[in-house]
Every structure is written in C-alpha cells, then in structure tokens.
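Participant: here are the coordinates; sequence isn't available:
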C-alpha cells in the first residue's frame, strides 16, 4: 500500500536570528532541516520574497541559502520559474552512503586504537539517552544519533572528516526520517551503536569496522520499502 506522506505534526519552529552567524547561513540550516524532516515537501515551491518577509530579512540571504541547498541537491533553482524542493534521488543516497561508509569505517578503526576513555563514556551515555527516548520523538532520537557519530570522529581528531560527511548526507537524512519506527526499528539502531562501541572499547579495529559497516548498510535494506511506501518523495526510477 502506497503512502504519500509520513504522519507528522505541523512544524511550529520559528526562525530566530543569532548575532554571531550570518542570516544566510541561519536560513540555510532552517530550511535544510525543514526539507529533511519532510515539512517542506518534494515539488513544493519556495518563494524568495515570502521567506524573506516571514523572517524579517532581505532577499539576498534567502538567495544565499537557496544556493547552498542547491549544492546539496535539496532544491532546484530554475530560472524564470522558481525554486523547488527536489525529490529524493536513490542514486544520490547510495553514493553518499558509499562515501560515508568509507570514511566512518576508517574512523572507527582508528578509534579502536586511540579513542580516550572519556569518549567511550560519552558514547555509552548517548546510547542510554537513546534507550530512554519515548516513542515518537524521532527528531530527538536522530539528534542523539548525529551526536553519537560525531563523537566518534572527534574522539580521534577527525573533525574535517565529519564535516565532509555532513556535507554529503542530506539525502540520507531524509530517508532516515521516513524510515524510523517502521523500516528501521529504533532498538535495532541502539543495538548497532552498542556493537560499535563494544568494538572500540575492546581495542578491536576489525570488530569496530564490521559493526560500523553493518550499521551504515542498514539503509540499503530499508530503502526499497521506503521508496515504495512514499513514492511522492522519490524521483522516478
């Protein structure tokens, strides 16, 4: 049975200016999050003038945000027509997953030989927070997931590697929002995270790499079902 939308509460997020960050960057993150969460839907037109009005800014920062979103293939800027949220490309998802696996497996192997005990403690605490998360709090769960992977990278000084991952995984993140609860049960993610930390704490690069690889390949398993259930979110094959 096909589904046209993931059930979600309407977004009530408001855009708030942060003095130390440019308006264009803030708008980029604001719109990016809304696209990833499915609040701005594939095919939806984005009005430069309307977004500027809603957020009490000029059109230039909005234009800057659109350009950054276009670089991540989250929107399409079409001259004389407008800017539209793009559908999810299965090819882009699989390419991003391939690159992410290559980086994160290498990071996990390095963490198994050099991550400090404080990082192991932090990772265990993040897993406990995920275990205590109430059903339906998907955004909070994914924020903890993000922090988990970031913590591993930073534990071995791989901040740039993590920034590379952040720049390529937007389409993967859209899939993750559609897959939670149904295609990818949360207890499975927690179990996979636990195996990753077990390998790192044991100082076993092979086990850490295998657990990380298995975790990041979960999307390959769930992707066909998600695409079939939410066809309106995906480009035609």
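Facilitator: That came through, no problem. Computed from a predicted structure; not experimentally measured.

Participant: tell me which element the residue sitting nearest the centre point of the chain falls in.
Facilitator: Nearest residue to the geometric centre of the chain (C-alpha atoms, centre = their mean): residue 173, 3.0 Å. Assigned by DSSP states H and E, residue 173 falls within helix 170-179.

Participant: Mean confidence (pLDDT) on stretch 228-237, please.
Facilitator: The average pLDDT within stretch 228-237 is 89.

Participant: same check, this time on stretch 60-78
Facilitator: pLDDT averaged over stretch 60-78 gives 95.

Participant: How about stretch 164-182?
Facilitator: On average, stretch 164-182 scores 84.

Participant: ok so, going back, who does whichever helix or strand comes after the helix holding residue 173 touch, helix- and strand-wise?
Facilitator: Counting by DSSP H and E, the next helix or strand C-terminal to helix 170-179 is helix 186-201. For helix 186-201, the packing partners by 3 or more C-beta pairs under 8 Å, 6 or more residues apart in numbering; DSSP states H and E come out as helix 90-114, helix 117-131, helix 138-155, helix 205-216, helix 218-229. All C-beta spots, glycine's among them, are computed from the backbone N, C-alpha and C.

Participant: So which of those is nearest residue 29?
Facilitator: With distances scored as C-beta to C-beta, the stretch of those nearest to residue 29 is helix 138-155 (13.1 Å).

Participant: Give the next helix or strand downstream of the closest one.
Facilitator: Assigned by DSSP H and E, the successor of helix 138-155 is helix 159-168.

Participant: Now for the residue lying closest to residue 153 once chain neighbours are set aside, how many residues are close by?
Facilitator: In this structure, residue 153 finds its nearest non-sequential neighbour in residue 162, 4.0 Å apart by C-beta to C-beta, 6 or more residues apart in numbering. Close neighbours of residue 162, defined as other C-beta atoms under 10 Å, add up to 19.

Participant: mind checking how far residue 162 is from residue 75?
Facilitator: From residue 162 across to residue 75, the span is 24 Å (C-beta to C-beta, to the nearest Å).
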